[in-house]
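J.: model the following, please.
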Amino acid sequence: MPQRSMKNEIDERLKRFQERLAANGVDGAILLQQTDLYYLSGTDQDAHL
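T.: The predicted model follows:
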């Protein structure tokens, strides 16, 4: 996937995630699963976001 397309995809994923959090009255989330981190950030670094 071209770099620009990947950035757009990640931006859209984050936007949808944030909208769902807000719709449920949730201010934030802690992501621990590597799969979730990759899906929402596009990187597989060993970290917590």
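J.: correct me if wrong: Leu37 contacts Asp46.
T.: No - using Cβ atoms under 8 Å, Leu37 is not in contact with Asp46, being 9.0 Å away. C-beta: built from backbone N, CA, C; applies to glycine.
J.: who's more crowded, these two?
T.: Leu37 (18 against 6; other Cβ atoms under 10 Å).
J.: specify the local secondary structure of the residue minimising distance to the centre of the chain.
T.: Residue closest to the average C-alpha location in the chain (Cα atoms, centre = their mean): Leu40, at 2.1 Å. Going by DSSP: H, G, I helix; E, B strand; the rest coil, the secondary structure assigned to Leu40 is helix.
J.: same question for Asp46.
T.: coil.
J.: what's the local residue count around Ile10?
T.: For Ile10, using other Cβ under 10 Å, the count is 16.
J.: measure it to Gly25 for me?
T.: 25 Å (Cβ to Cβ, to the nearest Å).
J.: how about Asp11?
T.: From Asp11 to Gly25 the distance is 23 Å (Cβ to Cβ).
J.: between these two, point out the one with more neighbours.
T.: Using other Cβ under 10 Å as the criterion, Asp11 and Gly25 rank with Asp11 on top: 11 against 6.
J.: got the phi/psi numbers for that one?
T.: phi -60, psi -40 (degrees, to the nearest 10).
J.: per-residue pLDDT of it, please?
T.: Looking at Asp11, its pLDDT is 95.
J.: what's the answer for Gln45, then?
T.: Gln45 is assigned 77 on the pLDDT scale.
J.: so the nearest residue to it once chain neighbours are set aside versus Ser5, what's the distance?
T.: Computed as Cβ to Cβ, 6 or more residues apart in numbering, the closest residue to Gln45 that is not its neighbour in sequence is Leu37, at 7.4 Å. Taking Cβ to Cβ as the measure, Leu37 falls 20 Å from Ser5.
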